[in-house]
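[1] 3D, please:
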Amino acid sequence: MTNEPMTKQHLARGMLKKYGISRQLTKAQEECAELIVAIAKYSEPSGELGAAERVREEMADVTIMLEQLRIIFGPEKCDEVLENKIAFVAKKHGVK
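    Residues are numbered from 1 along each chain as shown. Take a look at the predicted model:
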């Protein structure tokens, strides 16, 4: 066993191997929903104590799940779609 830090890619492959695609697709939905709730609570005028930290935690969970989705749907194709989307949005909104 090495002392190297775990990468999100290695973790994603391990989670997919352990739990399978179907379960991780459901988990991705759950994590996205939790992020939505955290953002909503952060956006409330009363501002829940610790809401920003909760958003960051949920963002981390979603990032891990997105890496699994990249593997499921093909990293190269996902990267291509992202690059195209970035170019489209930048052009649409005049961001240079």
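[2] And the helices in the protein, which stretches?
    With DSSP state H, the ranges of helices along the chain come out as 8-19, 21-43, 51-73, 75-93.
[3] What is the shortest one packed up against?
    When you say that, I think you mean helix 8-19. Packing partners of helix 8-19 (3 or more Cβ pairs under 8 Å, 6 or more residues apart in numbering; DSSP states H and E): helix 21-43, helix 51-73. Where you see a C-beta, it was placed from the backbone N, CA and C, and this is true even at glycine.
[4] That one to helix 51-73, inter-axis angle?
    70 degrees (axes from the mean of the first three to the mean of the last three Cα atoms, to 10 degrees).
[5] Distance-wise, check Ile64 relative to Arg13.
    12 Å (Cβ to Cβ, to the nearest Å).
[6] on that earlier part again, any idea which of the helices of the chain is most buried?
    Comparing those by mean neighbour count (mean count of other Cβ atoms under 10 Å), helix 51-73 ranks first with a mean of 16.
[7] Now do that one: everything it contacts.
    For helix 51-73, the external contacting residues (Cβ atoms under 8 Å, 6 or more residues apart in numbering) are 8-9, 11-13, 15-16, 21, 24-25, 27-28, 31-32, 34-35, 38-39, 41-42, 44, 48, 78-79.
[8] low-confidence ranges in this protein?
    1-2 (pLDDT under 70).
[9] re the thing from before, Serialize the helices and strands packed on helix 8-19 to a markdown table and add fields for distance to Val95.
    Output for the helices and strands packed on helix 8-19, formatted as a markdown table (distance: least, Cβ to Cβ, whole Å):
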| stretch | distance to Val95 |
| --- | --- |
| helix 21-43 | 23 |
| helix 51-73 | 22 |
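[10] of all those, which lies closest to Asn3?
    helix 51-73 (21.0 Å; Cβ to Cβ).
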